[in-house]
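**Q** no sequence for this one, just the structure:
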């Protein structure tokens, strides 16, 4: 991938891709968690990708320092760099990684995220399409 996760370019590209994705919009219909932060677990001082998710499927992305992202996000997902690499290349199943504990909900409610598993899965599918 030429845009490196979780850079600002990558986060913006994901926000744009989610906003353009009919499949994501359908899967996430009515789901509006607000800010979602994707954090590399072993790099607590690094940047995190932050995606603003709205009920109409519109999204905006940016990178923030991980501490700022965690403070402002409603949901924070954390995983090791190799887990993110597998998810973002499409080689790992996002739902299995979440349910198996490889992706951890550091902030927010796991039950709510599981209730929106199709939206989460589609978000990760869209993320795997980024160059």
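**A** Perfect, I can see it now. On a predicted model such as this, the values are computed, not experimentally measured, just so you know.
**Q** contacting residues for the most centrally placed residue in the chain?
**A** With distances taken as Cα atoms, centre = their mean, the chain has residue 38 as the residue nearest its mean C-alpha position (5.1 Å). The contact partners of residue 38, by Cβ atoms under 8 Å, 6 or more residues apart in numbering, come to 5-6, 48-51, 77, 84. Using the backbone N, CA and C atoms, a C-beta is placed for each residue, glycine as well.
**Q** now those: which count as buried?
**A** 5-6, 48-51, 77, 84 (16 or more other Cβ atoms under 10 Å).
**Q** quick check, nearest of the residues you listed to residue 129?
**A** Checking the buried ones among the contacts of residue 38 against residue 129 with Cβ to Cβ, the nearest one is residue 5 at 12.9 Å.
**Q** from residue 115, how far out is the closest one?
**A** 26 Å (Cβ to Cβ, to the nearest Å).
**Q** same question for residue 66.
**A** Taking Cβ to Cβ, one finds residue 66 at 26 Å from residue 115.
**Q** tell me which of the two has more neighbours.
**A** residue 66 (24 against 12; other Cβ atoms under 10 Å).
**Q** so who does that one touch?
**A** Residue 66 makes contacts with 37, 39-40, 43-48, as judged by Cβ under 8 Å, 6+ apart.
**Q** beyond the helix or strand of the chain with the lowest mean pLDDT, next helix or strand please.
**A** The helix or strand of the chain with the poorest confidence is helix 110-115; it has a mean of 87 (mean pLDDT, DSSP states H and E). Later in the chain than helix 110-115, the nearest helix or strand by DSSP states H and E is helix 117-128.
**Q** I appreciate the help and will end here.
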